[in-house]
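Asker: Return atomic coordinates for the entry below.
(one chain, ligands or ions: 1)
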Amino acid sequence: MSNHNVIKLSKLKFSYPQAPERTILSIGSWEVQRGEHVFLYGPSGSGKSTLLNILTGMVEPNSGSIAILDTDLATLKNKQKDKFRAQHIGFVFQQLNLIPYLSVRDNILLADYFTAKPAVKEQVEVHLLHLIESLQLPHSILSQPASQLSVGQQQRVAIARAMINKPELLIADEPTSALDQNSRDAFIELLFKLADESQATLVFVSHDKTLASHFGNVLDIESINQVQGQAQDVC
Ligand SMILES: Nc1ncnc2c1ncn2[C@@H]1O[C@H](COP(=O)(O)OP(=O)(O)OP(=O)(O)O)[C@@H](O)[C@H]1O
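Answerer: The predicted model follows:
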C-alpha cells in the first residue's frame, strides 16, 4: 500500500455559530500519515476538542477541506458520516464511557452493532478474544458487568471497544488525565501495542506535555493554528 494520508486538512477555518466573529481555528494545512503516533497538545481553550470534532465530522468547518483516509468529509451526508465514523474511527475518552450494567462483551460489541455493515459474527468473536488476550485480560471478564471492574481493567476494555471495528484511525482524548504516572505510561504502551498491531494511526490529545516523550510526532496545536492568541484569552 502506498503511504496515504490518514488525515489531510487544508485551509480550515472554524468559528462557533454562537460567536461567528471569533475564529477558533485557522489551520493552513496539517497532514498525518498512516501508522503515525501523534501527540497533539495545547492549553485549555486552544481548540483541541473542537479540532477532534471536526476531524470526526461531528462539526463542520466554515471553510476549508478535511479528508480522512482520502474521503472528503464534505461529500458525505450525515448518515454516511455516522457510518464512516463507526467503520473507520475508534475513540477512547477521558471518561471511559462504559455502560455499567452491560457486560464487558456487550460494551465492546456495542461499537460493532453501530456500524451499518456489521462484520461476520465468527470473525468478530475471534477478534474480540484476540483483543482481550493482547490486553492481558482473562476471558472470564467478558461476562462481568462493567461496574465490577477496576479502573485499570475498565481502561483496557475501553481500548478493546475502540479497536473492535479495526479502525484505521484511533483518537484518544485526554484518556490518562485521571491516572498516576505509572498507570499512565502502561496505558499508553498498551494503546500503542494495539494500534500498531492493526497499523492504526493514533492521534492522542492532551494538555499534559510530559507525555510527549512517548510519541514520534509531537504537535503543539498553537504551531498550526493561526488564531492562538484569541483562543488563549479565555483560560
Ligand atoms: N459550543 C461552543 N460554543 C461556543 N464556543 C465554544 C463552544 N465549545 C468551545 N468553545 C470555545 O472554543 C474554544 C476552544 O475550545 P475547545 O474545547 O476546543 O478547547 P480545548 O483545547 O479542547 O480545551 P480543554 O483542554 O479545556 O478541553 C474555547 O475558547 C471555548 O470557549
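Asker: Could you check the pLDDT of the residue lying closest to Ala178 once chain neighbours are set aside?
Answerer: Distance criterion Cβ to Cβ, 6 or more residues apart in numbering; nearest residue to Ala178, sequence neighbours excluded, is Gln94 at 7.0 Å. For the C-beta atoms, the positions are set from N, CA and C on the backbone; glycine is no exception. The score at Gln94 is 76. That number is its pLDDT.
Asker: In contact with Gln94, which residues?
Answerer: With contacts taken as Cβ atoms under 8 Å, 6 or more residues apart in numbering, Gln94 has the following neighbours: 173-175, 177-178.
Asker: now it: how far from the ligand?
Answerer: In this view, Gln94 and the ligand are 9 Å apart by Cβ to the nearest ligand atom, to the nearest Å.
Asker: same check, this time on Glu189
Answerer: Using Cβ to the nearest ligand atom, which is the criterion applied here, Glu189 is 24 Å from the ligand.
Asker: And the contacts of the helix or strand containing Val126?
Answerer: Of the helices and strands defined by DSSP states H and E, Val126 is found in helix 121-134. Helix 121-134 is contacted by residues 105, 108-109, 112, 118-119, 138-139, 141-142, 159-160, 163-164, 166, 193-194, 197 when judged by Cβ under 8 Å, 6+ apart.
Asker: Only C-alpha atoms, please: export the helix or strand that comes right after it in CSV.
Answerer: Once helix 121-134 ends, the next helix or strand along the chain (criterion: DSSP H and E) is helix 151-163. Listed next in CSV are the C-alpha coordinates belonging to helix 151-163 (Å, rounded to 0.1, in the frame of the first residue of the first chain):
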residue,chain,number,x,y,z
VAL,A,151,-10.2,1.3,36.8
GLY,A,152,-7.2,-0.4,35.1
GLN,A,153,-9.5,-3.1,33.7
GLN,A,154,-12.0,-0.5,32.5
GLN,A,155,-9.3,1.3,30.6
ARG,A,156,-8.3,-1.9,28.8
VAL,A,157,-11.9,-2.6,28.0
ALA,A,158,-12.2,0.9,26.6
ILE,A,159,-9.2,0.2,24.3
ALA,A,160,-10.8,-3.1,23.2
ARG,A,161,-14.1,-1.3,22.4
ALA,A,162,-12.2,1.3,20.4
MET,A,163,-10.4,-1.3,18.4
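Asker: starting at the chain centroid, how far to the very next helix or strand once past helix 151-163?
Answerer: Under the assignment DSSP H and E, the closest C-terminal helix or strand after helix 151-163 is strand 169-173. Going by Cα atoms, centre = their mean, to the nearest Å, the spacing between the C-alpha centre of strand 169-173 and its chain's C-alpha centre is 2 Å.
Asker: just to revisit the earlier point, most neighbours among the contacts of Gln94, which one?
Answerer: Highest neighbour count within those: Pro175, with 25 neighbours (other Cβ atoms under 10 Å).
Asker: residues in contact with that one?
Answerer: With contacts defined as Cβ under 8 Å, 6+ apart, Pro175 is in contact with 92-94, 96, 155, 158, 187, 191, 204.
Asker: at 6 Å what do you get?
Answerer: Contact analysis of Pro175 by Cβ atoms under 6 Å, 6 or more residues apart in numbering lists 92, 94.
Asker: One more: Leu96?
Answerer: Counting by Cβ under 6 Å, 6+ apart, Leu96 touches 154, 158.
Asker: do the same with Arg184
Answerer: With contacts taken as Cβ under 6 Å, 6+ apart, Arg184 has the following neighbours: Thr176.
Asker: Helix, strand or coil: sort out it for me.
Answerer: Here Arg184 is recorded as helix under DSSP: H, G, I helix; E, B strand; the rest coil.
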